[in-house]
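> Requesting a structural model of the entry that follows:
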Amino acid sequence: MLLLVWSLLAITLIARAVDRKPHRGVIVDHLEFGRRLLHGQDPYAPWRSDPDAPERPLHAPYPPSFGLLTAPFAVLADVAGLRAARATWGLLQVAALIALFVGLRRVGLGRAPPSPLAMHLLFLLALLMGSRFVLRDMHGGGGNLLNLGLCTLAFALAERGQPARGGWLLGLSLATKPTQIWLLPILLLLGHRRTVLHALLAGAVAVVASVALLRGDLAPWWRWLSGSWALATQTDAFLVPAAGFPEFEWMNQSLRCAVARWLGDVPPEFAVRVALAPPRGLGLDPTLVTWCTRALALTAFGAVATVAWRARGEPAGATSRTWVLAAAFVLSVLLSPLSWKAHHVALLPTFVLLLQQGREQSSPRPAWLLLALVLALCGIGGELLGDGVAEVANSLYLVTACDVALLLVTVCLSRRHAAI
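Below you'll find the model as predicted:
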């Protein structure tokens, strides 16, 4: 029965990914990025997959090594057609969900580990809670599920004494899309020094390979590094970023944008896009807002780093260490300058852990209430409420508020399990 359920779910997700505007969307951009890298061309040259949109630099926030992942699918699209490439990419995303399941199955999930049947049910419920994010990543052609699956499996391998295998999986993830860069210091604090070294080695190999495909041209790498640094250090979150990086949108639910929205002054061109939400912030100076953001970000990282250091003395596979992993994933969506809806698939491990926590407690009410709150505030989007209402919710940064709450919970539960 479980095999039938998973098979139907996989077929539905892949079919949805193939049929959704087959000649438009992020996946088409992915293929073009990989095709350009394979032919030694500038991967960031102006491009538009949507004929109704203006041309802009292609995938400016992605490193050139991302093309190593997408180049085989570009070849497949040229040989067998776009639908075949989309279906295969969808299959890879389903494989990432399986890797996530396997990774979580191999780490500590509580005092009484769930049975195989219970684990399947927990994972299905977690997917239901995060369906808004999973569907966005699947049918949009994103790679966030791939990164989540690779990183979770890498952590599980590191915990089981296989640092080389874990490090190369982590390095592959970071080389294609470094959204989980915060895992490196957290793994170091947990005692996984060799895993981090192998990850850095894998990343270096990916960089060299991409430079070789670019015929030794370092300009794309310099463009990406300078653009990333400019975005990370930009004082005003509402200004147009350098190097063609994405402009401010209400859908960007990063901590940085949330603080700028509530403490700064929302420009009129963004305020008019929201019909019902209060458009203005407190009007503080952008420099002061930036320092407030950095203080909050440093506090958040410090909290996760502290529990990681405390969990260092716990045996590999201890539940407290798994909660640290979940906290690091939540930290990634908070501290990234770009935190779109699809990026929040990183919350899936937290949902699984919270569901298991509710099963174990004699009084599970706090866990259930938190999960219900998260589902109500960030699990329901424009698909059910309409784009206008969803934009109002985005402008209030409800998803960011849930991220903050989940970070506090993951940190606290890591400390509690370490004390048991």
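
> mind listing what's buried in the helix or strand hosting residue 209?
Assessed by DSSP states H and E, residue 209 sits inside helix 193-213. Using 16 or more other CB atoms under 10 Å as the test for burial, helix 193-213 gives 194-196, 198-199, 202-203, 205-207, 209-211, 213. The C-beta positions use only the backbone N, C-alpha and C, and glycine is treated the same way.

> and which of those is nearest residue 159?
residue 195 (9.4 Å; CB to CB).

> surely the closest one meets residue 161?
No: using CB atoms under 8 Å as the test, residue 195 is too far from residue 161 to be in contact (10.2 Å).

> What segments of the protein are strands?
In the chain, the strands defined using DSSP state E lie at 46-47, 56-57.

> ok, longest helix in this structure?
In the chain, taking DSSP state H as the definition, the longest helix is helix 286-311.

> which helices and strands does that one pack with?
For helix 286-311, the packing partners by 3 or more CB pairs under 8 Å, 6 or more residues apart in numbering; DSSP states H and E come out as helix 183-189, helix 255-263, helix 319-335, helix 398-419.

> Of those, which is nearest residue 121?
Nearest of the helices and strands packed on helix 286-311 (CB to CB): helix 319-335, 18.3 Å.

> Tell me which other helices or strands the closest one touches.
Where contact means 3+ CB pairs under 8 Å, 6+ apart, helix 319-335 is packed against helix 144-159, helix 183-189, helix 286-311, helix 348-360, helix 398-419.

> Make sure residue 352 is actually in contact with residue 110.
No: if you go by CB under 8 Å, residue 352 and residue 110 don't touch, sitting 10.4 Å apart.

> quick one: which of these two has more around it?
residue 352 (26 against 15; other CB atoms under 10 Å).

> Report pLDDT for the more buried one.
For residue 352, the model assigns a pLDDT of 94.

> distance of the closest residue to it other than its chain neighbours from residue 198?
In space, and not counting its chain neighbours, residue 352 is closest to residue 126: 4.6 Å by CB to CB, 6 or more residues apart in numbering. Here the criterion is CB to CB, to the nearest Å. By it, residue 126 lies 29 Å from residue 198.

> what do you get for residue 222?
26 Å.

> Over to residue 343?
Residue 343 is 25 Å from residue 198, by CB to CB.

> which parts of the longest helix of the chain are buried?
286, 289-290, 292-293, 296-297, 300-301, 303-305, 307-308, 310-311.

> Over to stretch 67-78?
Buried-residue list, stretch 67-78, by 16+ other CB under 10 Å: 67, 68, 69, 70, 71, 73, 74, 76, 77.

> Is the second one in contact with residue 210, as I believe?
It stands for residue 68. Yes: using CB under 8 Å, residue 68 is in contact with residue 210, at 6.2 Å.

> Show me whatever sits in contact with both of those two.
residue 37 (CB atoms under 8 Å, 6 or more residues apart in numbering).

> wait, residue 271 sits on residue 264?
No: using CB under 8 Å, residue 271 makes no contact with residue 264, being 11.9 Å away.

> between these two, who's got more neighbours?
With neighbours defined as other CB under 10 Å, residue 271 and residue 264 compare such that residue 264 has more, 24 against 15.

> ok, residue 300 - contacts?
255, 331, 334, 335, 407.

> Quick check: the residue lying closest to the fourth one once chain neighbours are set aside vs residue 291, distance?
Using CB to CB, 6+ apart and skipping residues adjacent in sequence, the residue nearest residue 335 is residue 297, 5.4 Å away. Distance of residue 297 to residue 291, computed by CB to CB: 11 Å.

> Around the closest residue to residue 253 other than its chain neighbours, how many other residues sit close by?
Spatial nearest neighbour of residue 253, excluding adjacent residues (CB to CB, 6+ apart): residue 399 at 4.3 Å. Here the number of neighbours of residue 399 (other CB under 10 Å) works out to 26.

> I'd assumed residue 255 was in contact with residue 399.
No: assessed by CB under 8 Å, residue 399 is found out of contact with residue 255, at 11.0 Å.

> What are the buried residues along stretch 211-223?
211, 213, 214, 220, 221, 223.

> Among these, which pair sits farthest apart?
With CB to CB as the measure, no two of these lie farther apart than 213 and 223, at 15.9 Å.

> right, and residue 55 touches residue 47 too?
Yes: under the criterion of CB under 8 Å, residue 55 makes contact with residue 47 at 6.4 Å.

> between the two, who's got more neighbours?
residue 47 (17 against 9).

> give me every residue that touches that one.
Contacts here follow CB under 8 Å, 6+ apart; on that basis residue 47 touches 29, 32, 55, 56, 57, 58.

> Narrow these to just the buried residues.
Among the contacts of residue 47, those classed as buried by neighbour count (16+ other CB under 10 Å) are 29, 32, 57, 58.
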